[in-house]
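> Quick one, what's the 3D model for this:
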Amino acid sequence: MLSCCIVVCCCFQGFHKGDVVALFMEACPEYVGTWLGLAKLGIVTALINYNLRLETLAHCINSSHSKALIYSAELAAGKFCWQFCVRE
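As a prediction, this is how the structure comes out:
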């Protein structure tokens with residue numbers, strides 16, 4: 001079910017096959033659903049280790065050349081299960 005929601009959300013955001021999206025989440029069921037949803041659209045997922053912080057995290061995200069970052073609330077102290085950060 002979550003993977004279908006990811007598909008709809010990614011289409012709405014304008015992502016296409018071949019785009020790169022970074023995934024920064026801890027190991028949880030939503031991680032798998034998000035990854036599968038991205039794969040359904042042919043989006044390349046840059047898997048970012050959730051133990052990274054500061055400079056090493058920034059380096060990994062920047063070197064992935066991703067169009068967006070999906071991250072979990074636990075890693076951002078937010079209230080949503082996942083959020084998009086779209087690179088302009």
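> For this structure, just list every one of the helices.
Using DSSP state H, the helices of the chain run over 2-13, 29-40, 54-63, 73-76.
> Using PDB, list the CA coordinates for the last one.
Yep, that's helix 73-76 we're talking about. Taking Å, rounded to 0.1, in the frame of the first residue of the first chain, the C-alpha atoms of helix 73-76 are listed here in PDB:
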ATOM      1  CA  ALA A  73      10.600  11.700  11.000                       C
ATOM      2  CA  GLU A  74      12.900   9.900  13.500                       C
ATOM      3  CA  LEU A  75      15.900  11.400  11.700                       C
ATOM      4  CA  ALA A  76      14.500  14.900  11.400                       C
END
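> Report the distance from it to the chain centre.
Chain-centre distance of helix 73-76: 13 Å, with Cα atoms, centre = their mean, to the nearest Å.
> Identify each buried residue in it, please.
When neighbours are counted by 16 or more other Cβ atoms under 10 Å, no buried residue of helix 73-76 is found. For the C-beta atoms, the positions are set from N, CA and C on the backbone; glycine is no exception.
> how many neighbours does residue 35 have?
Residue 35 sits with 19 neighbouring residues when counted by other Cβ atoms under 10 Å.
> Could you find the closest non-adjacent residue to it?
residue 45 (5.6 Å; Cβ to Cβ, 6 or more residues apart in numbering).
> Tell me how far the one you found lies from residue 55.
To residue 55, residue 45 is 23 Å away according to Cβ to Cβ, to the nearest Å.
> Looking at these two, which is more packed in?
With other Cβ under 10 Å as the criterion, residue 45 and residue 55 differ in neighbour count, and residue 45 comes out ahead with 18 against 8.
> my read: that one touches residue 38, true?
Yes. Using Cβ atoms under 8 Å, residue 45 makes contact with residue 38 at a distance of 4.9 Å.
> hang on, the earlier thing: okay, the helices of the chain in JSON lines with mean pLDDT and distance to residue 19 next?
Formatted as JSON lines, those follow (pLDDT from 0 to 100; distance: least, Cβ to Cβ, whole Å):
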{"stretch": "helix 2-13", "mean pLDDT": "90", "distance to residue 19": "8"}
{"stretch": "helix 29-40", "mean pLDDT": "94", "distance to residue 19": "9"}
{"stretch": "helix 54-63", "mean pLDDT": "91", "distance to residue 19": "15"}
{"stretch": "helix 73-76", "mean pLDDT": "78", "distance to residue 19": "22"}
